[in-house]
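Chemist: structure, please.
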Amino acid sequence: MNITKNTAVTLQFKISDTSGKLLDQSQEPIAYLHGGYGNTFPKIEEALEGQAAGYATTVELAPADAFGEYSEALLQTIPKTQFPPGVKVGGQLEGRAEDGKTIVFNVVKIKGPVVHLDGNHPLAGKTLRFAIKVLEVRAASDEEIAHGHVHGAHGHHH
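Modeler: Numbering: from 1, shown residues only. Below you'll find the predicted structure:
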């Protein structure tokens, strides 16, 4: 079966920077619902469209096509007195953007009475290479299509 809209695709991936340094990789296979559901980056869907199990490729994504450009506007400082106890450098906090969307802030520094937060994704601003191997392709169930994601092994669990 080939990858088309409303197919469940199981794959493994490795993410590296443009110098080849490994940044992340799937420990277990992951599955996503193909066809514009927002479960993976559009350029990755484009590269996999029409392919079948066994297909392997490397897709290079500019920051705008991956985790976005790095934004200084997402850097914040808050008084340590407003900071939850027990969170340390490297920890994360959830906050709200002006548009109401949830942002995850990484704690990057605690200096005296001030905590420095970064709301950028850790890979924001980087051109990334995704090495992808398609392990399985199957028709998605009606329930998966209605929910907009794959269920079961390697997918979403309710």
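Chemist: got the contact list for the closest residue in space to residue 88 that isn't next to it in sequence?
Modeler: Excluding its sequence neighbours, the residue lying closest to residue 88 (C-beta to C-beta, 6 or more residues apart in numbering) is residue 107, at 6.8 Å. Yep, even glycine has a C-beta here, placed from its N, CA and C like the rest. Residues near residue 107 by C-beta atoms under 8 Å, 6 or more residues apart in numbering: 87, 88, 89, 90, 91, 92, 93, 115, 116, 117.
Chemist: just the buried ones from those?
Modeler: 93, 115, 116, 117 (16 or more other C-beta atoms under 10 Å).
Chemist: contacts for the lowest-mean-pLDDT helix or strand in the chain?
Modeler: Every helix and strand of the chain was ranked by mean pLDDT, DSSP states H and E. The lowest is strand 92-96, at a mean of 81. Residues outside strand 92-96 that contact it (C-beta under 8 Å, 6+ apart): 76, 84, 87, 102, 103, 104, 105, 106, 107, 117, 119.
Chemist: now, of the residues you listed, which are buried?
Modeler: 103, 105, 106, 107, 117, 119.
Chemist: from what I can see the last one touches residue 102, true?
Modeler: No. With contact taken as C-beta atoms under 8 Å, residue 119 and residue 102 are classed as non-touching, separated by 10.2 Å.
Chemist: this protein: strands as residue ranges?
Modeler: Secondary structure of the chain (DSSP state E): strands located at 7-17, 22-25, 30-33, 56-61, 75-79, 92-96, 102-111, 114-118, 128-139.
Chemist: distance to residue 42 added to those, as JSON lines?
Modeler: Shown next, in JSON lines, are those (distance: least, C-beta to C-beta, whole Å):
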{"stretch": "strand 7-17", "distance to residue 42": "14"}
{"stretch": "strand 22-25", "distance to residue 42": "19"}
{"stretch": "strand 30-33", "distance to residue 42": "12"}
{"stretch": "strand 56-61", "distance to residue 42": "10"}
{"stretch": "strand 75-79", "distance to residue 42": "28"}
{"stretch": "strand 92-96", "distance to residue 42": "26"}
{"stretch": "strand 102-111", "distance to residue 42": "22"}
{"stretch": "strand 114-118", "distance to residue 42": "25"}
{"stretch": "strand 128-139", "distance to residue 42": "13"}
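Chemist: if we can go back for a sec, which of the buried ones among the contacts of residue 107 lies closest to residue 60?
Modeler: residue 117 (30.0 Å; C-beta to C-beta).
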